[in-house]
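In: Sequence first, then the predicted structure, then my questions.
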Amino acid sequence: MKMLLASAFAIALFAGSTSANAGAMYYVTVDTVGNCSVAEGPPSAGQKALGNADGYKTQDEAGAELEKIRGDESVCKGVVE
């Protein structure tokens, strides 16, 4: 039983450290009705990535891209903050 608990703890610790080391990616997305936003993680179903489709390393970089396209109604009908 102790071995099982130790193994579970080690797996949980490893999983937490790899996700923290991987770093979050931020995406500028547009949804099905044309609203744009910055999201942590890749676009979900019904969304499309704008700008760098591979994402941005920081939320500030993604936000700067959103500011560039904010006024272009052919891309973004609205912005969700």
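Out: Thanks, I have it.
In: Need the pLDDT of the nearest residue to G34 once chain neighbours are set aside.
Out: For G34, ignoring the flanking residues on the chain, the nearest one in space by C-beta to C-beta, 6 or more residues apart in numbering is K77 at 3.4 Å. For every residue, glycine as well, the C-beta is placed using N, CA and C. If you check K77, the pLDDT there is 92.
In: Is K77 in contact with T32, as I believe?
Out: No: using C-beta atoms under 8 Å, K77 makes no contact with T32, being 11.0 Å away.
In: Quick check on the two: which one has the bigger neighbour count.
Out: The residue with more neighbours, out of K77 and T32, is K77; 13 against 9, by other C-beta atoms under 10 Å.
In: can you pull the contacts of that one?
Out: Applying C-beta atoms under 8 Å, 6 or more residues apart in numbering, we find K77 in contact with 33-35.
In: ranking those by neighbours, who comes first?
Out: N35 (14 neighbours).
In: quick one: contacts for it?
Out: Contacts of N35 by C-beta under 8 Å, 6+ apart are 76-80.
In: Drop anything exposed from those residues.
Out: Using 16 or more other C-beta atoms under 10 Å as the burial test, the contacts of N35 include C76 as buried.
In: Now render the contacts of N35 as a markdown table, adding distance to A62.
Out: As requested, the contacts of N35 are arranged in a markdown table below (distance: C-beta to C-beta, whole Å):
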| residue | distance to A62 |
| --- | --- |
| C76 | 14 |
| K77 | 19 |
| G78 | 17 |
| V79 | 12 |
| V80 | 13 |
